[in-house]
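In: Next one to model:
(2 chains)
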Amino acid sequence: MNRSTLDFWVGIFVLMGICAIVFLALRVGNLTSLNTVPSYRLEARFDNIGGLKLRAPVKAAGVPVGRIDRVRLDPKTYEAVVSMRIDNDYQFTKDTIASIQTSGLLGEVYIGLGSGGDPQMLADGGEITKTQSAVVLEKLISQFMFDKASAPPAAATAAPATAAPAGAPK
Amino acid sequence: MPADAIAHGMRRLGAGALNSVARIGFATRFFGAVLMHSPQAFWRFRLTMREIYFSGALSLVIILVSGLFVGMVLALQGFDALSKYGAGDSLGIFVALSLVRELGPVVAGLLFASRAGSAVTAEIGLMKTTDQLAAMEMMAVDPLARIVAPRFWAGVVSMPLLAALFSVMGVFGAYIVGVRLIGADAGTFWGNMRAGIDFWPDVTNGIIKSFAFGVAVSLIAVFEGYNAKPTAEGVSSATTRTVVVGSLAILAIDFVLTVFMFRGMGVV
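Out: Numbering: from 1, shown residues only, chains lettered A, B, ... in the order given. Sure, this is the predicted structure:
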């Protein structure tokens, strides 16, 4: 085989391969968003983080502004300490409220940040003090069930009360 | 009589086990020797280039076509299963994750082992059978440096590129079937894919995997060729072994790497 044709085909092969990797990086993966952007770290303590996973998004008003970096348990207070990396473009006030939310019933779990009105901003390594734990669906359902379970006696006492006047004339 | 047969069987079993252990040891030594002779393969890059053409560029057609069809089938089956649970929107992330993490490197590796690995084994084995390797040694040309190392490195370089191309073609095939034919929304297809797949660690782990498969398959191919019995039958059984051992090695390495890479990511 001619030397230059061989070079040409190997060149095409290598170029195609590199294009494929770039495509995987930019179009399939999300190399461009949030990963290369400089970020700072915030911490928040929660009683219960529910199904929050590493690398889950942090959103403010529904807009992704960062990612969960690390989750650990404070061995003294038994609280979950969540550290997140926030995009440098976004600053949050000292009285920001962090809450654990779910998109839809079964969707992904993320942290929602609601900004307050404090003039001071959180710096790198700062802690969000106002937090709202995850709403555990099972707990909610069992609470509802217990309410229901305690309700029938009330309904039962109410029913004769309404039934009694009807029966009274007889 | 039965005692004799049992003893004979045991002896054969033991010999087989010892032989295979010795073979692994020899393969390791061979790997070391190939690495020792590798600088020459890069120094005279023309040789490696020629092998990249034969193992990599000529494997393009089979890799691209298989990738396309694997992606199309994944989209068909995936959409059917996902839409039953109202998760048809996740088609893009489902296809891309399975391709980038597993199917791309593994299927491309299996194809590479049977398309290029077997060819390398047959070529080196036939060179040995026709005493070309011995003739080289007579002329003070080291066949490890001249023949084996370029083929080994060509495989190592080609494999990640082929796996990436396989994944891209798969995603493209899934796009054709999922979006163009079935009618999934193009925006959610690409959007969910990008939201759910990270360059680090998903894509990079796929590349690391394909690199490991490239090393394993190429090493097995040159090793089997170099150690083939110098007969027609020996070359044919060496070629078969390359495909069988290479494929099994890919699957075994894939499992081990997957356990290490994706542990603690909610997968394992």
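
In: Please tell me the pLDDT value assigned to the residue of chain A found nearest chain B.
Out: Nearest to chain B in chain A, going by C-beta to the nearest C-beta, is A:Gly17, at a distance of 2.6 Å. Using the backbone N, CA and C atoms, a C-beta is placed for each residue, glycine as well. The score at A:Gly17 is 91. That number is its pLDDT.

In: Pull the contacting residues for it.
Out: By C-beta atoms under 8 Å, 6 or more residues apart in numbering or on different chains, the contact set of A:Gly17 is B:Pro160, B:Leu161, B:Leu162, B:Ala164, B:Leu165.

In: So the spatially most central residue of chain A: helix, strand or coil?
Out: In chain A, the C-alpha nearest the mean C-alpha coordinate belongs to A:Tyr110, at 0.6 Å (C-alpha atoms, centre = their mean). Put simply, A:Tyr110 is strand when judged by DSSP: H, G, I helix; E, B strand; the rest coil.

In: residue contacts, it?
Out: Each residue near A:Tyr110 by C-beta under 8 Å, 6+ apart is listed here: A:Leu52, A:Ala56, A:Pro57, A:Val58, A:Lys59, A:Ile100, A:Gln101, A:Thr102, A:Ser103.

In: so what pLDDT did B:Thr258 get?
Out: B:Thr258 is assigned a pLDDT of 91 by the prediction.

In: B:Val106 is in contact with that one, correct?
Out: No: B:Thr258 is beyond contact range of B:Val106, at 9.8 Å (criterion: C-beta atoms under 8 Å).

In: Can you tell me which residues in the stretch 1-150 of chain B are near chain A?
Out: Residues of the stretch 1-150 of chain B found near chain A (C-beta under 8 Å from any C-beta of the partner chain) are B:Met49, B:Arg50, B:Ile52, B:Tyr53, B:Gly56, B:Ala57, B:Leu60, B:Ala96, B:Val100.

In: Just give me the neighbour total for the third one.
Out: Spelled out, it's B:Ile52. By the other C-beta atoms under 10 Å in any protein chain shown criterion, the neighbourhood of B:Ile52 contains 25 residues.

In: From A:Ala123, how far out is it?
Out: In this view, B:Ile52 and A:Ala123 are 52 Å apart by C-beta to C-beta, to the nearest Å.

In: what ranges of chain A fall below the confidence cut-off?
Out: A:1, A:30-37, A:105-106, A:152-170 (pLDDT under 70).

In: swap in the stretch 1-150 of chain B?
Out: When residues are selected by pLDDT under 70, those of the stretch 1-150 of chain B lie in B:1.

In: The same query, at a cut-off of 50, please.
Out: Residues of the stretch 1-150 of chain B meeting the criterion pLDDT under 50: none.

In: where exactly do the helices run in the chain?
Out: Chain wasn't specified; assuming chain A. A:3-23, A:137-167 (DSSP state H).

In: that answer is for a different chain, and I need it for chain B
Out: Assigned helices in chain B, in chain order: B:2-36, B:38-43, B:45-51, B:60-84, B:91-97, B:104-112, B:118-129, B:132-138, B:143, B:149-175, B:186-196, B:204-226, B:232-261 (criterion: DSSP H).

In: So for the residue of the stretch 101-250 of chain B found nearest chain A, what's the nearest residue that isn't a sequence neighbour?
Out: With distances taken as C-beta to the nearest C-beta, the stretch 101-250 of chain B approaches chain A most closely at B:Leu161, which sits 2.6 Å away. When the adjacent residues along the chain are set aside, B:Leu161 lies closest to A:Gly17, with 2.6 Å between them (C-beta to C-beta, 6 or more residues apart in numbering or on different chains).

In: quick one, which of B:Thr258 and B:Val106 is more surrounded?
Out: Comparing B:Thr258 with B:Val106 by neighbour count (other C-beta under 10 Å), the higher total belongs to B:Val106, at 22 against 17.

In: Quick check, pLDDT for the nearest residue to the more buried one once chain neighbours are set aside.
Out: Ranked by C-beta to C-beta, 6+ apart and with sequence neighbours excluded, the top spatial neighbour of B:Val106 is B:Asp254, at 5.3 Å. Residue-level confidence at B:Asp254 comes out at 95, pLDDT.

In: for the one 10 residues further on, same thing?
Out: pLDDT recorded at B:Gly264 is 59.

In: Then the one 4 residues further on?
Out: According to the prediction, B:Val268 has pLDDT 38.

In: Likewise for B:Leu251?
Out: Looking at B:Leu251, its pLDDT is 96.

In: ok, it - contacts?
Out: Counting by C-beta under 8 Å, 6+ apart, the residues that B:Leu251 touches are B:Val106.

In: And it, how far from chain A?
Out: B:Leu251 sits at a distance of 23 Å from chain A (criterion: C-beta to the nearest C-beta, to the nearest Å).

In: Can you tell me which of the residues of the stretch 1-150 of chain B next to chain A is closest to A:Leu140?
Out: B:Ala96 (34.5 Å; C-beta to C-beta).
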